[in-house]
Each structure stands twice: as C-alpha cells, then as structure tokens.
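> Have a look; sequence and predicted model below, questions after that.
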Amino acid sequence: MNKSNVFFCYNKRLFTFIKDVKGIDYLIVAKHPETDRTFAMFFKTDGLQQAINEYKSVTNFDKSI
C-alpha cells in the first residue's frame, strides 16, 4: 500500500456518504499528527471514484472543507 492507492477523506459529510450511503468500507480513521484534523482512508477503486463523483454532483461540494 502506498499513498497513490489511498484516498484521504477529510470531509465528514463525504465520509458519511461513502460509508453509509454507498456502503464502501474504510481502512482507518485517524488524526493528522501536524494539523490534528480527523481523516479516513479508503482504497482507491472505480466504485469509490463513482461515489465521489456522485457526491459532487448532488451537493455544493467545497474542496476546502
């Protein structure tokens, strides 16, 4: 596993959509050691990308959140 195979999700609403609505399992939830922000890690798959694209299309997705 390396960073290119993993999606780091810092957006709680996106995380909830991916996990609860789309049923995609995450690898781990952790806190960034320097920023103290919580994030979840998902394996990058076509299904994950489709879920992210769907989320972006039905919300006012803001990358800065």
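Structure's in. What do you need? Bear in mind the structure is a predicted one, so any value in this text is a computation, not a measurement.
> hey, where'd the helices end up in this protein?
Using DSSP state H, the helices of the chain run over 12-16, 46-58.
> Can you lay out those as CSV showing mean pLDDT and mean neighbour count?
For every residue, glycine as well, the C-beta is placed using N, CA and C. Output for those, formatted as CSV (pLDDT from 0 to 100; neighbours: other CB atoms under 10 Å):
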stretch, mean pLDDT, mean neighbour count
helix 12-16, 96, 15
helix 46-58, 95, 13
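> Among those, which comes closest to Y26?
helix 12-16 (7.4 Å; CB to CB).
> looking at the helices of the chain, which is closest to T38?
T38 lies closest, by CB to CB, to one member of the helices of the chain: helix 12-16, at 7.8 Å.
> Give me the phi and psi angles of the residue sitting furthest away from the middle of the chain.
Distance from the C-alpha centroid of the chain peaks at E34, with 19.3 Å (CA atoms, centre = their mean). Note on E34: its backbone torsions stand at phi -90, psi -40 [degrees, to the nearest 10].
> can you pull the pLDDT of it?
Reported pLDDT at E34 in the predicted model: 96.
> mind putting the helices of the chain in JSON lines, distance to I28 included?
Below are the helices of the chain laid out as JSON lines (distance: least, CB to CB, whole Å):
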{"stretch": "helix 12-16", "distance to I28": "12"}
{"stretch": "helix 46-58", "distance to I28": "15"}
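> Which among the ones you listed is found nearest to F39?
F39 sits nearest to helix 12-16 of all these, at 8.4 Å, using CB to CB.
> for that closest one, packing partners?
Of the remaining helices and strands, none touches helix 12-16 by 3 or more CB pairs under 8 Å, 6 or more residues apart in numbering; DSSP states H and E.
> Could you list the paired strands of the longest strand along the chain along with their orientation?
If you go by DSSP state E, the chain has its longest strand at strand 38-43. Here strand 38-43 is paired, per DSSP bridges, with strand 6-9 (antiparallel), strand 28-31 (antiparallel).
> among these, which is nearest F42?
The minimum distance between F42 and the strands paired with strand 38-43 falls on strand 6-9, with 4.6 Å, by CB to CB.
> Brilliant, that's me finished.
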